[in-house]
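Peer 1: Model the structure of this input:
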Amino acid sequence: MRVSAHRRLRTSPTSSGSRAEAARLRGVAGAVRARDEAAQEFTGKHAGLAAQGKRAALYVERRFVELCERAGFEKPVELGEEINLLFQGALLLPQVYGDSSPFVSAKRAIVALLEAADGPVASGRPPDRS
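Peer 2: The predicted structure is shown next:
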């Protein structure tokens, strides 16, 4: 029986505290959203905001890459970058649409990415525990 890729990320023994991690990422999402709103308001007025926004986006991307590495995906950097792209878009589009529906679409797209990714279950390899 093939375990879905997104379930591996949530329940992998190497991702202890996955609920705590999810809560922390939700907090990061709020910080990134605030960063984006501030960046829009102060674009061109304060160089430090742009640098802080870039650092926040890169931090989130690194976390997604780390999660993909811990889950044992074949190409964790590519997968983490793709997930980050969807996540960042889901953070920005609610400002345009006025609702949170982009998160639903992003979640479906991320599930499809994870299902298609070559991880340990799909390849028959055990996850790297190093």
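
Peer 1: where in this protein is pLDDT low?
Peer 2: Scanning the chain for pLDDT under 70 picks out the ranges 1-45, 119-130.

Peer 1: Helices of that one, start to end?
Peer 2: Assigned helices in the chain, in chain order: 5-11, 18-42, 47-71, 76-97, 101-116, 120-123 (criterion: DSSP state H).

Peer 1: Who are the packing partners of the fourth one?
Peer 2: The contact analysis (3 or more C-beta pairs under 8 Å, 6 or more residues apart in numbering; DSSP states H and E) places helix 76-97 against helix 18-42, helix 47-71, helix 101-116. Heads up, the C-betas are built off the backbone N, CA and C, glycines and all.

Peer 1: Return the set of buried residues in the shortest one.
Peer 2: Of all the residues in helix 101-116, those buried under the rule 16 or more other C-beta atoms under 10 Å are 102, 103, 106, 109, 110, 113, 114.

Peer 1: again, but for stretch 51-63
Peer 2: 53, 56, 57, 60, 61, 63.

Peer 1: what's near enough to touch residue 80?
Peer 2: Residue 80 is in contact with 61, 62, 64, 65, 66, 67, 68, 69, counting by C-beta atoms under 8 Å, 6 or more residues apart in numbering.

Peer 1: Nearest to residue 79 among the residues you listed?
Peer 2: residue 68 (4.6 Å; C-beta to C-beta).

Peer 1: separation between that closest one and residue 76?
Peer 2: From residue 68 over to residue 76 the distance is 4 Å, taken as C-beta to C-beta, to the nearest Å.

Peer 1: Those two: who's more crowded?
Peer 2: residue 68 (26 against 20; other C-beta atoms under 10 Å).
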